[in-house]
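> Here is a sequence together with a model predicted from it:
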Amino acid sequence: MLVADGAARRLHEAARDGRKREGITSSHRRGRVEKSTAAKARFTELPVRFRAARMEAIMTNKTFTYISFGAGVQSSALLICSNLQRHGVPRADVAIFADTQQEMSDTYKHLERLRDWSDIPVHVASRGDLLKDAVNRNLGNAKRCASIPMWTLGDNGKEAPIRRQCTRDYKVDVCERHVRAILGYRPKSHARHSATCLIGISTDEAIRAKPSRTAWIQNQFPLIDAGLSRNDCESICLEHGFNNIVKSACRFCPYRGDAEWLQMKTKYPKEFARAVAADKALRDQTRSGLNRPAFVHRSLQPLENVDFENRIRLPLFDSDDQFGNECEGMCGV
Ligand code: SF4
């Protein structure tokens, strides 16, 4: 017994010394407790039916199914089919809209209309305002912000895209964290359940369908399985009274093609003006290590100066959108 007590004391002292070495104080430990209390509070704020869904998942080890909902044509069709269990689309427990707070106003209006229509609850989760965070980073007011795939001059003298991290940080991770909260997991704790993420990629964009990078989440692409194209998705939305759905993407997204920029400029001048302002605000990225100016348009011109009509008319330019490069299926669907 004495030996056991001595061993316990030595362990306690070693742990205390280790904490001192690492500079961990009692207030740090209190911080951890506060964080875990906050996580619990977030969970108890969830609607009762989601706490029940979590308990059911734990009791039956059922796979939790969620829709990664972008509020564009394809993911809207996916949500409609999941509600009605049409075209073999399974019924989801929840649809999650990861909000970068930079979508066009029509997307937010459409989101509200679909939320009212859908029997499957549509949750909105957000990490914050992507543009505001990126500008703060450029001004040196924030240490880090996910990189937006803007265009800059490459070493070969041609336009080259900057690395993209925004989809993962502001969409994929946000959805996954929300699912973890529904299932009652603390951040970074080991998940003992499996979840299925339904993603709205249609047959014409099948190249974007990729497996999940998170071990306990499996991606499924029910629109591809059902052989549905973007046009089919548009018809499904129209059939249920949802028309003129705009492409779901940040208004300044550098993946937009010239036809979309032109449409925004002519049909949504206020949105275009905000995209022009974002383009200017993101020009200087020296604090992120980029010593050449960055542009949201691949012509490497300020957005307000680009002649979209000319670019569409002449075969000299690649004026298509670049959403095929967004391989996580979260933007533009
Ligand atoms: S829409 Fe564009 S800018 Fe916005 S998160 Fe997706 S890739 Fe990034």
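In hand now; what should we look at? Residues are numbered from 1 along each chain as shown.

> Just give the number of residues close to the closest residue to the ligand within the stretch 51-200 of the chain.
As assessed by C-beta to the nearest ligand atom, the ligand sits closest to residue 166 within the stretch 51-200 of the chain, at 3.3 Å. Where C-beta positions appear, they are placed from N, C-alpha and C, glycine not excepted. Residues near residue 166, counting by other C-beta atoms under 10 Å, number 23.

> Hmm, it is touching residue 130, no?
Yes: in this structure, residue 166 is within contact of residue 130 by C-beta atoms under 8 Å, at 5.9 Å.

> what residues are shared contacts of these two?
In terms of C-beta atoms under 8 Å, 6 or more residues apart in numbering, residue 166 and residue 130 are both contacted by the residues 100, 146, 148, 250.

> which of the residues you listed tops the neighbour count?
Most surrounded of the shared contacts of residue 166 and residue 130: other C-beta under 10 Å gives residue 148, at 28 neighbours.

> Secondary structure class of that one, three-state.
coil (DSSP: H, G, I helix; E, B strand; the rest coil).

> heads up, I number from 17, so please use that
Sure thing, new numbering starts at 17, so read that last one as residue 164.

> Return the distance of the residue lying closest to it once chain neighbours are set aside relative to residue 248.
Distance criterion C-beta to C-beta, 6 or more residues apart in numbering; nearest residue to residue 164, sequence neighbours excluded, is residue 182 at 5.1 Å. Plainly put, residue 182 is 29 Å away from residue 248 if you go by C-beta to C-beta, to the nearest Å.

> In terms of helices and strands, where is residue 214?
According to DSSP states H and E, residue 214 maps onto strand 211-215.

> Residues contacting that strand, please?
Contacts of strand 211-215 (C-beta under 8 Å, 6+ apart): 79-84, 91, 94, 98, 105-106, 108, 191, 195, 199, 225, 228, 232-238, 345-346, 349.

> Also stretch 291-302?
Counting by C-beta under 8 Å, 6+ apart, 118, 147, 150-151, 154, 164, 166, 168, 178, 267-268, 280, 309-313, 318-320 sit against stretch 291-302.

> Would stretch 275-289 count as contacting the ligand?
No: using C-beta under 6 Å from any ligand atom, stretch 275-289 stays clear of the ligand, coming no nearer than 11.7 Å.

> if you average pLDDT over that stretch, what comes out?
Stretch 275-289 carries an average pLDDT of 96.

> Which residues of the protein lie near the ligand?
116, 164-165, 180, 182-183, 186-187, 265-266, 269, 271, 342, 347.

> Closest one of these to residue 330?
The shortest gap between residue 330 and any of the residues of the chain next to the ligand belongs to residue 271, at 21.0 Å (C-beta to C-beta).

> State the distance from residue 208 to residue 232.
8 Å.

> More neighbours: those two, which one.
residue 232 (18 against 11).

> ok, the more buried one - contacts?
By C-beta under 8 Å, 6+ apart, the neighbours of residue 232 are 207, 209-211.

> Now the buried members of the residues you listed.
For the contacts of residue 232, a burial check counting by 16 or more other C-beta atoms under 10 Å picks out 207, 209, 211.

> what's the closest non-adjacent residue to the first one?
This means residue 207. residue 232 (4.4 Å).

> Can you name the two of the shared contacts of residue 182 and residue 146 that sit furthest apart?
Using C-beta to C-beta, the shared contacts of residue 182 and residue 146 span at most 11.6 Å, a distance reached by 162 and 266.

> I figured residue 119 was touching residue 269, is that so?
No: at 9.7 Å, residue 119 does not count as touching residue 269 under the criterion of C-beta under 8 Å.

> Name the residue in those two with the higher neighbour count.
Neighbours per residue (other C-beta under 10 Å) separate residue 119 from residue 269, with residue 269 holding more: 27 against 23.

> count of residues packed around the closest residue to the more buried one other than its chain neighbours?
With C-beta to C-beta, 6+ apart as the criterion, residue 269 has its nearest non-adjacent residue at 6.8 Å, and that residue is residue 347. Residue 347: 25 surrounding residues under other C-beta under 10 Å.

> what about residue 347, which helix or strand?
For residue 347, there is no enclosing helix or strand under DSSP H and E.

> Next up, phi/psi of it, please.
phi -110, psi 140 (degrees, to the nearest 10).

> now that we're looking at it, how far away is residue 283 from it?
Relative to residue 283, and taking C-beta to C-beta, residue 347 is found at 20 Å.

> Also residue 294?
Taking C-beta to C-beta, one finds residue 294 at 18 Å from residue 283.

> in the chain, which spans are helices?
Ranges of helices within the chain are 18-37, 42-61, 64-76, 89-100, 121-133, 146-155, 182-183, 189-198, 238-241, 246-255, 274-283, 285-297, 324-329, based on DSSP state H.

> Look up phi and psi at residue 118.
phi -130, psi 20.

> who touches it in this structure?
145-147, 266-268, 294.

> Let me have the residues you listed in TSV, extended by distance to residue 330 and pLDDT.
Shown next, in TSV, are these (distance: C-beta to C-beta, whole Å; pLDDT from 0 to 100):
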residue	distance to residue 330	pLDDT
145	36	96
146	32	96
147	31	96
266	27	96
267	26	96
268	24	96
294	27	97
